[in-house]
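1. Structure for this input, please:
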Amino acid sequence: MSGNGNGNGTGIGTAPTLQALTAELAVLRPRMEEVSRSIHARPELKFAEFHAQDVLTGWLAESGFVVEAPVGGVETAFVAVHEGTDPGPYVAVLVEYDALPGVGHGCGHNLIAAGGAAAAIAAVRALPDHPGTIAVIGTPGEEMGGAGKVLLAEAGVFAGVDAAVMFHPADRSMTTQHALAAAHLRAEFTGVSAHAAKSPWEGRSALAGAQLFLNALDSMRQFMPPTARVHGVVSDGGQAPNVVPARAVVDFYVRDSTAVSVGALVARVRKAAGGAAYATETTVRFSETGPLYAERRNNAVLAARFGATVRALGLEIGPGAPDSPAGSSDIGNLSQLMPVIHPYIQTAALGTPSHSTAMSEAGVRRFAHERTRIAAIGLARVVTDLVTEPEFLEAARSEFAAASGPGAGSDRPGAGGVGSDRLGAGGTAPSGPGTRPGSGSGERPAQAPGLRPAPGQSPVAARTPDATTTAPTAGKTATAHTADAPATASTADAPIAARTLRA
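-> Residues are numbered from 1 along each chain as shown. I've put the predicted structure just below:
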């Protein structure tokens, strides 16, 4: 590829004018809206976004991009590359296109996808002889802990990328907005089934364990940091009212301002799960259902250029408040590796909640597509400036390097991730190498957020052990065994697994 990953190419062109980019988006607007509506009409959940992938890659291929799909071992991911005439920076526009269960595109990913593709196409149409590489990277599975960007980064898909840009729909516009780190967790309680009326004393209710666990979390809320969020659902509470449930599952997220603080809170949540199992004479398996999302580092240099561009187009925008409510995204992990921006553009009425039917309905209206056009121009401006202005890229790199210094967020070992284990009465979790993923339950082994890589290193994922503890049931004596080590550590002592991304 022409992009050499170091941004030091000598063939530097001249960035197109704002008028030229605006003119290109005017031509692309009908197709952009068509792509958005097509993706919106067929919402696809994480890692099943085949229609969206086809629609996007088809448009990009028609526009002169060389498309590779799938990539990185993720079937619905893709990379579409437009090589320049001279060496230079490698700049990626990121697109997301997965939907949510129940509400479809309630997060506006149809607009992210169509607008991101339009931005890259406009950039190469306005600057056909650009230096370096302009790419669109399709990153599926952002919702529900899918961590598509984490998987692609570990597979080397982002190797050599100098900067990555994207935008997100919202009910207000912000050049920068913080995002919480998030652990995606599962507590699976196992009990003993019995007839719920004839002989309930012969059983031990896994659902009772799950209920007590949720009550314990509610009791903890007063004593959590005000920045923390813990929320979830009972995804399996039993199969029949007349059977004491032998299995119950709570899927939930633990969020806080940094991956480090999430790790500390997860240790407390693990204790609550073990205590609920002890009290109900059940066992609980505590695991991750997806990699931990790191907090986001917004690159102020790139964000300022984006903001200036969209303001020139008449859109009022500024930085978000540092203490405002926020969600989480796997771009946080990517932001530990390179300069990124993730501005929010108002595409719905103020107060429209994200992840809602109202937001989904707003995502196909004229207002949303007009704002997506503006966002696409802003992204195209940043992309073309990055490949033609070495000092702009260097400023973004310098700002990133300063933010990556000692003590900067999760960019250090131990920044999140939880072990996968089974806790019972007085539940214990061992320490030692190796872990096993959950069997047939959609779980992933313990993983942590992306950390700043050392050049040339390969992906590393430390594993924590899988342990089994059997609680006393119906008068029986508790016994414990582990796969790799004796059960000697407390639930709070289970090691934190570091997942390191390599770019």
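2. And residue 91, its phi and psi?
-> Dihedral pair for residue 91: phi -120, psi 130, per degrees, to the nearest 10.
3. Which strand residues bridge it?
-> residue 134, residue 163 (DSSP bridges).
4. Show me the residue at the heart of this protein, geometrically.
-> In the chain, the centroid-proximal residue (Cα atoms, centre = their mean) is residue 330; its distance is 2.3 Å.
5. Skipping adjacent residues, who's closest to it in space?
-> residue 149 (4.2 Å; Cβ to Cβ, 6 or more residues apart in numbering). Where you see a C-beta, it was placed from the backbone N, CA and C, and this is true even at glycine.
6. now residue 149: how far from residue 156?
-> Between residue 149 and residue 156 the distance is 13 Å, computed by Cβ to Cβ, to the nearest Å.
7. Compare these two (neighbour count), which wins?
-> Under the neighbour definition other Cβ atoms under 10 Å, residue 149 and residue 156 were set side by side, and residue 149 has more, 34 against 15.
8. Hmm, that one is touching residue 336, no?
-> No - applying Cβ atoms under 8 Å, one finds residue 149 not in contact with residue 336, separated by 11.0 Å.
9. pull the CA atoms of stretch 190-203 into CSV?
-> Below are the C-alpha coordinates for stretch 190-203, written out as CSV (Å, rounded to 0.1, in the frame of the first residue of the first chain):
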residue,chain,number,x,y,z
THR,A,190,-26.4,-23.3,39.3
GLY,A,191,-28.7,-24.9,41.8
VAL,A,192,-30.7,-28.2,42.1
SER,A,193,-34.0,-28.7,40.4
ALA,A,194,-37.0,-30.1,42.3
HIS,A,195,-40.8,-30.0,42.2
ALA,A,196,-41.7,-26.4,43.3
ALA,A,197,-44.8,-27.5,45.3
LYS,A,198,-44.4,-31.1,46.2
SER,A,199,-40.8,-31.1,47.4
PRO,A,200,-39.1,-27.6,47.0
TRP,A,201,-36.8,-28.4,50.0
GLU,A,202,-35.0,-30.9,47.9
GLY,A,203,-34.0,-28.2,45.5
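10. contacts for that stretch?
-> With Cβ atoms under 8 Å, 6 or more residues apart in numbering as the test, stretch 190-203 has contacts from 204-209, 241-248, 280-285, 473-474.
11. Of all the residues in it, which ones are buried?
-> 190-194, 196, 203 (16 or more other Cβ atoms under 10 Å).
12. same check, this time on stretch 178-188
-> 178-188.
13. Closest one of those residues to residue 73?
-> residue 184 (19.6 Å; Cβ to Cβ).
14. Which other helices and strands does whatever helix or strand the residue nearest to residue 330 lives in contact?
-> Residue 149 belongs to helix 148-154 when assigned by DSSP states H and E. Counting contacts by 3 or more Cβ pairs under 8 Å, 6 or more residues apart in numbering; DSSP states H and E, helix 148-154 is packed against helix 331-334.
15. The helix or strand that the helix it packs on is followed by: partners in the sheet, and parallel or antiparallel?
-> Note on helix 331-334: by DSSP H and E, the next helix or strand toward the C-terminus is strand 340-341. Paired neighbours of strand 340-341 in the sheet (DSSP bridges): strand 163-165 (parallel).
16. Can you classify residue 287 by secondary structure?
-> strand (DSSP: H, G, I helix; E, B strand; the rest coil).
17. er, residue 252 I mean
-> On the three-state scheme (three-state DSSP), residue 252 is labelled strand.
18. quick one: the strands in the stretch 151-300 of the chain?
-> Under the criterion DSSP state E, counting those that start in this stretch, strands of the stretch 151-300 of the chain are mapped to 163-165, 168-170, 181-190, 229-236, 247-256, 283-293.
19. The third one - what's its average pLDDT?
-> If I follow you right, that is strand 181-190. Per-residue pLDDT over strand 181-190 has a mean of 96.
20. Torsion angles phi and psi at residue 344?
-> phi -110, psi 140.
21. The closest residue to it other than its chain neighbours pairs with what?
-> Spatial nearest neighbour of residue 344, chain neighbours left out: residue 170 (3.9 Å); criterion: Cβ to Cβ, 6+ apart. The partner list for residue 170 in beta bridges (DSSP bridges) reads residue 346.
22. who's in contact with residue 170?
-> 108, 344-348, 354.
23. and which of the residues you listed is nearest to residue 377?
-> Out of these, the member with the shortest distance to residue 377 (by Cβ to Cβ) is residue 345, at 10.9 Å.
24. okay, the closest residue to the closest one other than its chain neighbours: pLDDT?
-> Nearest non-adjacent residue to residue 345, counting by Cβ to Cβ, 6+ apart: residue 375, 4.4 Å away. With respect to pLDDT, residue 375 scores 98.
25. tell me what the host helix or strand of residue 375 is packed against?
-> In this assignment (DSSP H and E), residue 375 forms part of helix 366-388. Judged by 3+ Cβ pairs under 8 Å, 6+ apart, helix 366-388 is in contact with helix 18-41, strand 90-95, helix 109-126, strand 163-165, strand 168-170, helix 300-312, strand 344-346, helix 390-403.
26. could these be laid out in CSV, adding mean pLDDT?
-> Output for the helices and strands packed on helix 366-388, formatted as CSV (pLDDT from 0 to 100):
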stretch, mean pLDDT
helix 18-41, 98
strand 90-95, 98
helix 109-126, 98
strand 163-165, 98
strand 168-170, 95
helix 300-312, 97
strand 344-346, 95
helix 390-403, 95
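27. Now tabulate the ones you listed in CSV and tack on distance to residue 326.
-> Below are these laid out as CSV (distance: least, Cβ to Cβ, whole Å):
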stretch, distance to residue 326
helix 18-41, 25
strand 90-95, 19
helix 109-126, 17
strand 163-165, 19
strand 168-170, 11
helix 300-312, 16
strand 344-346, 10
helix 390-403, 18
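28. how about those, which one is nearest residue 360?
-> helix 18-41 (7.6 Å).
29. and the angle for the closest one with helix 366-388?
-> 130 degrees (axes from the mean of the first three to the mean of the last three Cα atoms, to 10 degrees).
30. elements contacting helix 18-41?
-> Right, helix 18-41 is packed against helix 50-62, helix 109-126, helix 366-388 by 3+ Cβ pairs under 8 Å, 6+ apart.
31. Just the residues contacting the shortest one, thanks.
-> Spelled out, it's helix 50-62. 31, 35, 38-39, 42, 44, 67, 69, 75-78, 80, 95, 97-98, 110, 113, 117, 120-121, 136, 138, 140.
32. In the next helix or strand after it, which residues are buried?
-> Sequence order places strand 66-68 as the next helix or strand after helix 50-62, per DSSP H and E. Using 16+ other Cβ under 10 Å as the test for burial, strand 66-68 gives residue 67.
33. can you list the residues that contact strand 66-68?
-> Contacts for strand 66-68 (Cβ under 8 Å, 6+ apart): 57, 60-61, 78-83.
34. Just among those, which is most surrounded?
-> residue 80 (27 neighbours).
35. for that one, what are its contacts?
-> 56-57, 60-61, 65-68, 120, 135-138.
36. Residue 313 too?
-> By Cβ under 8 Å, 6+ apart, residue 313 lies in contact with 18, 22, 374, 377-378.
37. ok, back up a step: would you quantify the distance from the residue nearest to the centre of the chain to residue 288?
-> In terms of Cβ to Cβ, residue 330 sits 14 Å off from residue 288.
38. Lowest average confidence across helices and strands of this protein, where is it?
-> strand 460-461 (a mean of 26; mean pLDDT, DSSP states H and E).
39. Give me the neighbour count for residue 92.
-> There are 30 residues near residue 92, going by other Cβ under 10 Å.
40. i'd like the first residue to be 36 from this point on
-> Sure, I'll start counting at 36 from here, so that last one is residue 127.
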